[in-house]
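>>> have a look at this prediction, sequence included:
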Amino acid sequence: MVPRYPPTVVALFILVTLVVTGPLVGVDAIRTQPTTIGDGTAAISSVQLPTSEIRITDGRFGTKVAYLRVPDASVTVDSVTGRPRLLYQVAIPALDISREDEQVLSKGQSGTYRLAPGDRAVTPSSLERDVYNGTVLLRVQSFEATETIVAENVTVQVDR
Amino acid sequence: MTRDVEWFTGRCRQAGKAVFGDRYGYALWLGLLVTFGLYWRVGIFITDTYTTANALVAVSNGHLHITETPYTLTLGAQPGLHEAGGRLYGRNYGQILLAVPLVWALQALSVFITPRLLLLGLWSGTALVFVSHVSVLGQRHTDTARRTVLWIGSGLVAVLFLAGALTATALPDTALPIAAFQISTMLAAATTGIVLYRLVGIWHDRSVALAAGVAIGIASSVGFWASLPKRHVLVGFLLLTTVYLFARSRIAYADSRHRLGLGFRAGAYVTAGLVTWTHAFEGFFLVVTLALVDLITARRNSFVHLAVIGLALFLGSLPMLVTNFLISGNPAKPPRLLSAVGGADVEFTPETGGDGGTGGGSGAGGTAGTDGGSVGVSGGTDGGTGAGSDGSAGDSAGAGGDTGTPIVTPILGLFKQVLGPAAPAMAFVSDAVSRGFDVLTTPDRMSQIFLRSGSASHINYAPNSYETIELTMLEAVPLFGAVAALPVVLIRSANQRIRRWDVRPSQYSPQTQTDMLVAALAVVFTLVYLSRLPLRTQLTVRYLLPTVPLIMYGVVRLPAVHEPISDSRRWLVGGYAVSVVGGLLLGLGVVAGLDLALGEAVQFHALLNLGGAAVCGGTVLGRTLAPSRVSSRAVAVGLSLPAGLTTAYLFLSGLVYFQYGPFALDFIRVLTPHLPAV
């Protein structure tokens, strides 16, 4: 007896897949996406980080706050060993604000990664100067080693 | 054997028909679930949920008090944690107990299936059943053969399943209880769609009912909260179910089928009573409003009927009373009245100060009894408001056990205990109402709740990193622009009513009686929360979420809305499709092109939705005033535009704007890095 109703066919296929990959049969289908940092290193071949775009501008659409605009960074990773992470951080110490994004890499995952910390809202009343000093940091970190790829001091213009 | 099976399937079919009505209802329900799954993220969005999720784990392990906290690092820092007799408790136990069987089911299934593929498999299975129903309906209404839809639909599900399975990432076992909690909320949201479909279907044709069901599911803020396990969706569902049962009872009474009418009437009271299990005070307001409207509109209020509804109310409240008794030893004292632990959260509860003090220890935000929530805007971590936990040894227990005359003393003690919280609770009730009236006379506050948020002066945005993510009612559900026509309709019907002033409410048509209950509930559930609004971490004014299905019902009941829907279905469906796609493209384009931040993106949608609401209000009002001037097609477009924009916002808020956990479906996860980010 062969089922000919399409949903039944697909449902049987799904059910078999689920059980075969399940703990009882144990065909490994799940990639453990590493979310926590471990040991290891990564070789970085190129970094695109437009630091000149780091600015403070007014929020639009009636938000009535200012934003520290943090551009995305694009990092090309050539080779990975272990589970290091990419860390990208922009901070303005005088305002006590920072934004960061991280990406945990794992063995064999070379390629280009986008790190998008996003913008950080600031209350307009806290802005007292026209220019602030900021720091930009891009690192490959793991428990055994930290390699700094980019460490820059930037002047952050307040455009209001 | 086969006869038993036949009997069983027959019974199942009967039960299904009783709930879903017909194949359309079933397809609607499944379709909503499939849609909610697409933007379902497994995790905790609002800090309040830590407590309820931890309580869910506790209850699924067989006890009410919280001992382990899989979802927070430290015990005591979560908002909404309560303490009695030295033990820590959560709240909203009704909502939690609804999810417990789902936790067990997921945990049992995870013996055979890895958690990640389990979620994928559940979604795919639901989608397959949906496809098989749609294929029948597709053949009925279009030229497409059933076989074609079946093959294409099943093929698509198979491809998505494969894509999800091949890119599957591990999901820890600890995610299962929170996933079950989210599924329970999604079920409540989808079932709200069904109940509205059934309720509207009593008075109007099927296309109107279906449109209403779809609208409440994915073109209103209910869709936003569908996978966020807060109580509001559940309360909204129970509220609407109460209305539905009430409507059925009025119809039965009007047909002189008194026994059937009494049955439905009792059902309404059971449902209303059940709300107390999740939130005692919302339940209280529901019961009082229902009782008022019910008693003046019922054709029969004989002693037997009153006794039956009293019993029904007691039955509905029984789970709440038992839970309270188990926790505090006092059936009339819900967890929310117990002394709070940790954060400054005593949301919508009287400030009784507990039995033995405490209360005052709730630190900062005392004033308005604010909801100590914040949203994981900046990437999670910040564990709520924290601070100021003093705990203080709770002597609140002291149950009625301290000997004396065997029967009388315990009963008297119990009576005193029951009345103990009653006095402050009553003061609280009258305060909530009178302060609500005060807000009515404050235009700028009303505007920040209902019209335009922008950067609302009454909201403290600091806990959410100054992101202006709070939408007003109209921004969140722009379809409610149609309410602009309500005054005209009300004046007209009041005129008619005056001409027939001698007809008593009990002789009104069931339709009018139901409209009265809906109006009363919408007013009450808005009024009692007004004094707490506007507030941060509401996102779509979630305190008012229970009124959204009611208002949606009201919108559909406007002649200028339901007539065009049944006249111009193609325009409605076509307009909706165009509007969803347009809204998605516009949203993504603006986020990428203007490089928007989160608050800006949300406010962009707010303005866009307000535009949609204006078009909607304009066409519906025009049609109401001059039906010959405004074609039904124009109204259909005017309705589908804001509906589509809302759906687009739901998708974008889930896929792009608010990231707090991994997507349930991996084929969505691999898609999202290709979308622009805020």
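Now that the structure is in, tell me what you want to look at. Numbering: from 1, shown residues only, chains lettered A, B, ... in the order given.
>>> who in chain A is up against chain B?
By the criterion of CB under 8 Å from any CB of the partner chain, the positions of chain A lying close to chain B are A:5-7, A:9-11, A:13-15, A:17-19, A:21-24, A:29-33, A:59-65, A:67, A:69, A:72, A:114, A:116, A:118-123. Glycine gets a C-beta too; all of them are placed from N, C-alpha and C.
>>> among those residues, which lie within strands?
A:67, A:69, A:114, A:120-122 (DSSP state E).
>>> now restrict those residues to buried residues only.
In terms of neighbour count (16 or more other CB atoms under 10 Å in any protein chain shown), the buried residues within those are A:67, A:69, A:120-122.
>>> related to what we said a few turns ago, quick one: which two of the ones in strands among the residues of chain A next to chain B are the most distant?
Comparing every pair within these by CB to CB identifies A:114 and A:122 as the most remote, at 24.1 Å.
>>> and the contacts of the lengthiest strand in chain A?
Counting residues, the longest strand in chain A under DSSP E turns out to be strand A:146-159. Strand A:146-159 has contacts (CB atoms under 8 Å, 6 or more residues apart in numbering or on different chains) with A:41, A:44, A:47, A:49, A:51, A:54-58, A:66, A:68, A:75, A:92, A:127, A:129-141.
>>> show me how far the helix or strand harbouring residue B:555 is from its chain's centre.
Following DSSP states H and E, one finds residue B:555 within helix B:547-557. A distance of 13 Å separates the centroid of the chain from that of helix B:547-557, by CA atoms, centre = their mean, to the nearest Å.
>>> show me what contacts the residue nearest to the spatial centre of chain B?
For chain B, residue B:233 is the residue whose C-alpha lies nearest the centre (CA atoms, centre = their mean; 1.4 Å). By CB under 8 Å, 6+ apart, the contact set of residue B:233 is B:185, B:188-189, B:192, B:222, B:225-226, B:545.
>>> switch to 6 Å and redo it
Residues in contact with residue B:233 (CB atoms under 6 Å, 6 or more residues apart in numbering or on different chains) are B:185, B:188-189, B:225.
>>> inside helices: which ones of those?
B:185, B:188-189 (DSSP state H).
>>> if we can go back for a sec, near chain A, which of the contacts of residue B:233 show up?
Contacts with chain A are made by none of the contacts of residue B:233, judged by CB under 6 Å from any CB of the partner chain.
>>> and the two most separated of these?
Maximum pairwise distance in the contacts of residue B:233, criterion CB to CB, is 9.5 Å, between B:188 and B:225.
>>> and the two? which has more neighbours close in?
For residue B:188 and residue B:225, the more surrounded residue by other CB atoms under 10 Å in any protein chain shown is residue B:225, and the numbers stand at 26 against 23.
>>> and that one, its phi and psi?
As for residue B:225, its main-chain torsions (degrees, to the nearest 10) stand at phi -90, psi 0.
>>> model confidence for it, exactly?
The pLDDT attached to residue B:225 in the predicted structure is 96.
>>> repeat for the one 4 residues further on
Per-residue confidence at residue B:229 stands at 93 (pLDDT).
>>> spatially nearest residue to it (excluding sequence neighbours)?
Nearest residue to residue B:229 in three dimensions, chain neighbours excluded: residue B:181, at 4.2 Å (CB to CB, 6 or more residues apart in numbering or on different chains).
>>> tell me how many other residues crowd the one you found.
If we define neighbours as other CB under 10 Å, then residue B:181 has 28 of them.
>>> isn't residue B:40 up against residue B:227?
Yes: under the criterion of CB atoms under 6 Å, residue B:40 makes contact with residue B:227 at 4.3 Å.
>>> okay, residue B:536: pLDDT?
87.
>>> sorry, back to before: mind listing what's buried along the following helix or strand past the helix holding residue B:555?
Toward the C-terminus, helix B:547-557 is succeeded by helix B:559-567 as the next helix or strand (DSSP H and E). With burial defined by 16+ other CB under 10 Å, the residues of helix B:559-567 counted as buried are B:560-566.
>>> what residues does helix B:559-567 touch?
Residues from elsewhere that reach helix B:559-567 (CB under 6 Å, 6+ apart): B:204-205, B:207-208, B:211, B:482, B:485, B:555-556, B:572, B:620, B:623-624, B:632, B:635-636.
>>> avg pLDDT for that helix?
This predicted structure assigns helix B:559-567 an average pLDDT of 94.
>>> how far is that helix from where the chain is centred?
On CA atoms, centre = their mean, the centre of helix B:559-567 falls 26 Å from that of its chain.
>>> and after it, which helix or strand comes next?
Once the chain leaves helix B:559-567, the next helix or strand it forms, by DSSP H and E, is helix B:569-593.
>>> list the contacts of that following helix.
Taking contacts as CB under 6 Å, 6+ apart, the residues outside helix B:569-593 that touch it are B:207, B:565, B:601, B:604, B:633, B:636-637, B:640-641, B:643-645, B:647-648, B:652, B:676.
>>> many thanks, have a good one.
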